[in-house]
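In: Fold the following for me, if possible:
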Amino acid sequence: MFHLDLDKILDQFVYHPEAPLLFTSGFFLFFFLVLMAVYRALLPTPRLRILWITLFSLYFYYKCAGIFWLLHVVIVVVDFNLARWMERAPKPAHKKALLVFSLFVNLGMLAYFKYTNYFAELWNAAMGGQLGPWDIFLPAGISFFTFQSLSYTIDVYRGQLKALDSMLDYAFFVTFFPQMVAGPIVRAADFLPQINRVPFVSREEFGRAVFLICTGLFKKAVISDYISANFVDRVFDSPLQYTGLENLFGVYGYAMQIYCDFSGYSDMAIGLALLMGFQFPLNFDSPYQSRSVTEFWRRWHISLSTWLRDYLYIPLGGSRKGKIRTYINLMLTMLLGGLWHGAATRFIIWGALHGLALAFERWWKGAVPIRAGPLRSALGGLITFHFVCFCWIFFRAQDLDTVHAILSQIWYNFEPQIFWEFIGGYSGVVICIAVGYALHFLPHSWEQLAQDFVTRLPLPVKALLITLFAALVMQVKSAEVQPFIYFQF
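Out: Numbering: from 1, shown residues only. Next up is the predicted model:
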């Protein structure tokens, strides 16, 4: 006989740090089905529909970060009112002061939670101080939702966007759960016009949503989690216990792991939003197919790179103030982009390397005549990929000593003779990495054919497809919780 366990039901409304609510969990699938059932019933009443999703989004974030769901309340109340006052400000100076206050609140919040201990370490190193580390919890996705809210206040300040009259609409925008903790960073100008229109999902959009959710689940839970738990984490935790060849495969493995993890989340976020009738911008476009670092940043984490371009690089002067200033602006943008990713010197080095590469490519393009051709494209792709992989070492390693150990092993202790032994010992990992790269380098037309095939499937078959992918995830996932990498950002 069916037994209703009230304690288990109530426990789902309690925050458990060791078990955040993830898209890849069976529990999320159940709650999303409940969410959609109520959402569909509320379609004729827009205000209730928006309120329902907002409340669910706050619950979702509470299950990811506990009491820090209140940060969203602070941001909503502050930036909603600042934007309204900005629009009514009698003088430009008053308007600018309100924008500065918005920047102070959002970036100040980000700086406190993310950079306090790092700045204390820098102070101790420079001044010989004894500032101890503070016990500060880093709320999941704080870098994403602060940047998202700032896009609204900055656009209102620039006169590119009209301030909202409804705080509920703004709360919906800031807290919308699919992209709240790991992007894409959705611009206010792109999302706000969609809120009050009647949601409509065409057959093609529904098929695309199912395709994205399935591919996102496969990327994250099958490829990324498997190679992380069974190989990559081991290498980066103890690089000196592995040969240079194994370290090199660890680097290639991490390049695929972070792509599948982050793009998998983005795919699922875009797909889930699409099922509710909301369009998100593309966040990844086969970045490892890039033939230059400049192209890589047009394809990797597109919502962040365009945000940095529009709200940092261009306001600094962009390429409008001469070559030297352009190079400086590129460096500053990427240095701050590196710092956005994490409070550690290795992230700053990672950003600096990309900044130097972007500046060098800008100089090279103006100084050396370039002839297009298949050989140049192949060589450019090979160099770009390995440069990006080299930079990933700084991004993934726990500290600079680990970076040194990995590079030393690759350079001085490569031992290529163990190649076939390595292939045999880590056959599952090698197959997953190979499958990941093979799928990544497939032509876009093949991906579109697969998406069209899913779209043409009958609705029951689509439901079965998602169920099968969910079952596959349950079978292959690690016993330990594998949160998305970008939750920490």
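
In: And the helices in the stretch 151-300 of the chain, which stretches?
Out: For the stretch 151-300 of the chain, the helices defined by DSSP state H, counting those that start in this stretch occupy 167-175, 188-195, 203-217, 225-227, 233-237, 244-275, 293-299.

In: do the stretch 1-150 of the chain as well
Out: 6-11, 26-41, 46-65, 70-88, 92-127, 142-158.

In: Quick one, which of the helices of the stretch 151-300 of the chain gets closest to Asp310.
Out: Ranking the helices of the stretch 151-300 of the chain by proximity to Asp310 (CB to CB) places helix 188-195 first, at 10.4 Å. Quick note: C-beta positions are derived from backbone N, CA and C, even for glycine.

In: ranking the helices of the stretch 1-150 of the chain by burial, who's on top?
Out: helix 142-158 (a mean of 23; mean count of other CB atoms under 10 Å).

In: hmm, back to that, present the helices of the stretch 151-300 of the chain as a markdown table; the columns should include mean pLDDT.
Out: Formatted as a markdown table, the helices of the stretch 151-300 of the chain follow (pLDDT from 0 to 100):
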| stretch | mean pLDDT |
| --- | --- |
| helix 167-175 | 92 |
| helix 188-195 | 89 |
| helix 203-217 | 88 |
| helix 225-227 | 90 |
| helix 233-237 | 94 |
| helix 244-275 | 93 |
| helix 293-299 | 95 |
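
In: Adding distance to Val293 and mean pLDDT, write the helices of the stretch 1-150 of the chain out as CSV.
Out: CSV is the format used below for the helices of the stretch 1-150 of the chain (distance: least, CB to CB, whole Å; pLDDT from 0 to 100):
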stretch, distance to Val293, mean pLDDT
helix 6-11, 48, 64
helix 26-41, 36, 84
helix 46-65, 33, 89
helix 70-88, 33, 92
helix 92-127, 26, 86
helix 142-158, 22, 91
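
In: Dump the ones you listed to JSON lines, plus distance to Val232.
Out: As requested, the helices of the stretch 1-150 of the chain are exported to JSON lines (distance: least, CB to CB, whole Å):
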{"stretch": "helix 6-11", "distance to Val232": "33"}
{"stretch": "helix 26-41", "distance to Val232": "25"}
{"stretch": "helix 46-65", "distance to Val232": "24"}
{"stretch": "helix 70-88", "distance to Val232": "32"}
{"stretch": "helix 92-127", "distance to Val232": "24"}
{"stretch": "helix 142-158", "distance to Val232": "23"}
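
In: And these: which comes nearest Phe278?
Out: Closest approach to Phe278 among the helices of the stretch 1-150 of the chain (CB to CB): helix 46-65, 9.6 Å.

In: Could you count how many residues lie near His354?
Out: Look at His354: counted by other CB atoms under 10 Å, it has 24 neighbours.

In: List the contacts of the residue lying closest to Lys220 once chain neighbours are set aside.
Out: The spatially closest residue to Lys220, leaving aside those adjacent along the chain, is Gly264, at 3.5 Å (CB to CB, 6 or more residues apart in numbering). Neighbouring residues of Gly264 by CB atoms under 8 Å, 6 or more residues apart in numbering: Thr215, Gly216, Leu217, Phe218, Lys219, Lys220, Ala221, Ser224.

In: Tell me which two of those sit farthest apart.
Out: That would be Thr215 and Ser224, which, of the contacts of Gly264, are the farthest apart (CB to CB) at 12.3 Å.

In: Would you mind telling me which of those two has more residues around it?
Out: Ser224 (29 against 22).

In: Now the strand or helix carrying Ser408: average pLDDT?
Out: Assigned by DSSP states H and E, Ser408 belongs to helix 400-412. On average, the pLDDT along helix 400-412 is 95.

In: now what about it, what contacts it?
Out: Here helix 400-412 has contacts from 235-236, 239-240, 242-244, 247-248, 250-251, 345-346, 349, 393-394, 397, using CB under 8 Å, 6+ apart.

In: If we use 6 Å, what do you get?
Out: Here helix 400-412 makes contact (CB atoms under 6 Å, 6 or more residues apart in numbering) with Pro239, Leu240, Gly244, Asn247, Leu248, Ile393, Phe394, Ala397.

In: Kindly write the PyMOL command that selects the buried subset of these.
Out: Of these, the buried ones can be selected in PyMOL as follows, counting by 16 or more other CB atoms under 10 Å:
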select buried, resi 239+244+247+248+393+394+397
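
In: Which of the contacts of helix 400-412 sits closest to Asn329?
Out: Phe394 (22.1 Å).

In: buried ones in stretch 435-444?
Out: Gly436, Tyr437, Leu439, His440.

In: ok, the closest residue in space to Gly366 that isn't next to it in sequence - how many residues close by?
Out: Closest residue to Gly366 apart from its sequence neighbours, by CB to CB, 6+ apart: Lys323 at 7.4 Å. Lys323 has 12 neighbours, counted by other CB under 10 Å.

In: How about the one 4 residues further on?
Out: Here the number of neighbours of Tyr327 (other CB under 10 Å) works out to 18.

In: any idea how far Ala221 is from it?
Out: 42 Å (CB to CB, to the nearest Å).

In: Next: Val105.
Out: Taken as CB to CB, the span from Val105 to Ala221 is 37 Å.

In: do Trp297 as well
Out: Trp297 is 27 Å from Ala221, by CB to CB.

In: which one of the two has more residues nearby?
Out: Ranked by neighbour count (other CB under 10 Å), Trp297 and Ala221 place Ala221 first, with 27 against 23.

In: Once you drop chain neighbours, what's closest to that one?
Out: Val473 (4.1 Å).

In: My guess is that neighbour contacts Lys220. True?
Out: No: counting by CB atoms under 6 Å, Val473 sits too far from Lys220 to count as a contact (8.3 Å).

In: which residues are common contacts for these two?
Out: Common neighbours of Val473 and Lys220 (CB under 6 Å, 6+ apart) are Thr24.

In: Secondary structure element holding Lys321?
Out: Lys321 belongs to no helix or strand, assigned by DSSP H and E.

In: Now do it against Met276, distance only.
Out: Counting by CB to CB - Lys321 and Met276 are separated by 44 Å.

In: neighbour-wise, which of the two wins?
Out: Met276 (19 against 12).

In: Give me the pLDDT for that one.
Out: 91.

In: give me every residue that touches it.
Out: Per CB under 6 Å, 6+ apart, neighbours of Met276: none.

In: same question, His386
Out: Contacts of His386 by CB under 6 Å, 6+ apart: none found.

In: Which pLDDT does the model give it?
Out: So His386 comes in at 96 (pLDDT).

In: Can you point out the buried residues in the helix or strand hosting it?
Out: Using DSSP H and E, the element containing His386 is helix 374-396. Neighbour counts over helix 374-396 (16+ other CB under 10 Å) mark 380-381, 384-385, 387-389, 391-396 as buried.
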